[in-house]
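Asks: attaching a predicted model along with its sequence, questions to come.
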Amino acid sequence: MASPIRDLEPGSLYVTISLPYHIEDADAASRHNFHPKLSRGLDIATYEIHCAQDLAQEEFNWGLYFHRGNQDGIWYALARQDVMGYPAPTLFQLSRQQIKSSPRLHCQVVGLVRVLRIPEIPCRELTTYLDWLALGSYGTVTRTFIWVASMYIRTWHHVIPKPGNPALRYGIQFDVNLFLREALSFAYAEVPYTIGGQLPRPIIRSAFGVELGITEENRCSKNETRTSVEARNRRQGFPGSSACQGDGF
């Protein structure tokens, strides 16, 4: 199951979940209905089609944030274009920001979900891949969640290229419905605190995320908070590129 994390971690990829409006916009807020308890019958296909056919609007803006180190991160997001007045080549415009401030301090951010943690990978190489993937994949997007989920899965396969790796079986078993339900449950519960202006915004480690080079025994780092009284926080060091050194919040 998902568990809370205290800080951003170098070499980690996060799904960012943001409100599609400024928190001061009361009219926009009134048009969105957030349900903390989701139906078990949530179907990603229906969820996607309704938005693509303008039968529903996205409750959140979904993006990806790659934390490379202290005050060093890349934030990928999509902004919906106004296609009513004139034809637009794409439904969304791609935003790629290199930021020093934590996305947790942005007032529209509801929360972050860590999906990938790869301490040993060179940050520069992964940044190049994410830039290429984001630019080549956003043109046909109709829903930002689908784009984010696809980016995550493709990135995960990119960093584990060996077919013989037993971890590859996880990609086949990945259930986008369960991941969506996990993320929405987390986000809906945090919306009131976001609207209330509480900062910094929280982080959780997804139950459907991947941690490479980290054993089950030492998975729990000093940044992760366990609800079990028997769990212990362990400080650990990871081999890796010097470009990935540092902490963030």
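Replies: Sure, I can see it. Residues are numbered from 1 along each chain as shown.

Asks: only C-alpha atoms for contact and neighbour calcs from this point on.
Replies: Noted.

Asks: got any ranges where this structure has weak pLDDT?
Replies: The model of the chain has pLDDT under 70 over residues 25-57, 83-88, 120-121, 161-173, 213-249.

Asks: scan it for its longest helix.
Replies: When the chain is parsed with DSSP state H, its longest helix is helix 176-195.

Asks: which helices and strands does that helix pack with?
Replies: With contacts taken as 3 or more CA pairs under 8 Å, 6 or more residues apart in numbering; DSSP states H and E, helix 176-195 sits against helix 44-52, strand 109-117, strand 203-211.

Asks: next SSE after the second one?
Replies: Counting by DSSP states H and E, the element after strand 109-117 in chain order, helix or strand, is helix 123-137.

Asks: pull the following helix or strand past that next one out as PDB, backbone CA atoms only.
Replies: Sequence-wise, the next helix or strand downstream of helix 123-137 (DSSP H and E) is helix 144-159. Extracted as PDB, the C-alpha positions of helix 144-159 are listed here (Å, rounded to 0.1, in the frame of the first residue of the first chain):
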ATOM      1  CA  THR A 144      -3.200  14.400 -18.900                       C
ATOM      2  CA  PHE A 145      -3.400  11.400 -16.600                       C
ATOM      3  CA  ILE A 146      -3.100   9.000 -19.600                       C
ATOM      4  CA  TRP A 147       0.000  10.900 -20.700                       C
ATOM      5  CA  VAL A 148       1.600  10.800 -17.300                       C
ATOM      6  CA  ALA A 149       0.900   7.000 -16.800                       C
ATOM      7  CA  SER A 150       2.300   6.300 -20.300                       C
ATOM      8  CA  MET A 151       5.400   8.500 -19.600                       C
ATOM      9  CA  TYR A 152       6.000   6.600 -16.400                       C
ATOM     10  CA  ILE A 153       5.700   3.100 -17.900                       C
ATOM     11  CA  ARG A 154       7.900   4.000 -20.900                       C
ATOM     12  CA  THR A 155      10.600   5.500 -18.600                       C
ATOM     13  CA  TRP A 156      10.500   2.500 -16.400                       C
ATOM     14  CA  HIS A 157      11.100   0.200 -19.300                       C
ATOM     15  CA  HIS A 158      13.900   2.500 -20.500                       C
ATOM     16  CA  VAL A 159      15.900   2.200 -17.300                       C
END
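
Asks: buried residues of helix 144-159, list them for me.
Replies: Across helix 144-159, burial judged by 16 or more other CA atoms under 10 Å covers T144, F145, I146, W147, V148, A149, M151, Y152, I153, T155, W156.

Asks: can you check stretch 176-184 too?
Replies: N177, L178, F179, L180, R181, E182, A183, L184.

Asks: out of those residues, the closest to W75 would be?
Replies: Among the buried residues of stretch 176-184, A183 lies closest to W75 (CA to CA), at 18.3 Å.

Asks: quick check: closest non-adjacent residue to that closest one.
Replies: V113 (7.3 Å; CA to CA, 6 or more residues apart in numbering).

Asks: which residues touch the one you found?
Replies: Counting by CA atoms under 8 Å, 6 or more residues apart in numbering, V113 touches Y14, V15, T16, A183, I203, I204, R205, S206.

Asks: okay, and the beta partners of V210?
Replies: L116 (DSSP bridges).

Asks: give the contact list for it.
Replies: Per CA under 8 Å, 6+ apart, neighbours of V210: V115, L116, R117, W156.

Asks: I figured W147 hits Y138, correct?
Replies: Yes: with contact defined as CA atoms under 8 Å, W147 counts as touching Y138 (6.9 Å).

Asks: identify the contacts common to these two.
Replies: With CA under 8 Å, 6+ apart applied, the contact sets of W147 and Y138 do not overlap.

Asks: which ones are touching R80?
Replies: Counted by CA under 8 Å, 6+ apart, R80 has contacts L91, F92, Q93.

Asks: gap between the residue lying closest to the second one once chain neighbours are set aside and A207?
Replies: Nearest in space to F92, with sequence neighbours left out and distances taken as CA to CA, 6+ apart, is R80 at 4.3 Å. Here R80 is placed at a distance of 29 Å from A207 (CA to CA, to the nearest Å).
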